[in-house]
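Visitor: sharing a model that was predicted from the sequence below.
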Amino acid sequence: MSLALAWLLLSGGARPLIAQEAAKTNPHKLAEYAVIFCTVWDPEARPVYGVHVQLRRAGEKKARWEAYSDHRGELAFRVPPGKADYEMIADPKSLKTLTTKGLENKEPVKVHVEYDEQVDTGLHLTK
């Protein structure tokens, strides 16, 4: 190894180049995504806990994503970025305990995503 190359390596002159190469090949880089954030509400505008919510692309029958509402009635789905329409509905099986209170979800909530953005929406249960 030449003296000039050793000096370059020890002085840190090669670090920016190495850092640039590491940034290009970083396997831990996060993929882009969009977020659909939802709050589940009852007819009196109170958040509802433990509702199993399913999300599917518009026109599809089977749900691709699912989540449960937390104690604040909130949940979120991470979906691919880009223009797409989705339908969100509460799973009727999870609403069995809530149907004793007369709550149900009759129609799916339609959600439109444009880019890698967050879309906020609400799922309102009815009597």
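Guide: Alright, I've got the coordinates. Numbers count the residues shown, from 1 in each chain.
Visitor: tell me the domain ranges of this protein?
Guide: Per the record, the chain has its domains at 1-30, 34-124, by automatic domain parsing.
Visitor: least confident of these, on average?
Guide: With a mean of 56, domain 1-30 has the lowest mean pLDDT of the domains of the chain.
Visitor: ok, so what distance separates R57 from D91?
Guide: Counting by C-beta to C-beta, to the nearest Å, the gap from R57 to D91 is 17 Å. Heads up, the C-betas are built off the backbone N, CA and C, glycines and all.
Visitor: equivalent analysis for D85, please.
Guide: For D85, the distance to D91 equals 20 Å [C-beta to C-beta].
Visitor: one more: K61?
Guide: K61 is 14 Å from D91, by C-beta to C-beta.
Visitor: what's the neighbour count on P81?
Guide: 15 (other C-beta atoms under 10 Å).
Visitor: residues contacting it?
Guide: Counting by C-beta atoms under 8 Å, 6 or more residues apart in numbering, P81 makes contact with 32-34, 113, 115-117.
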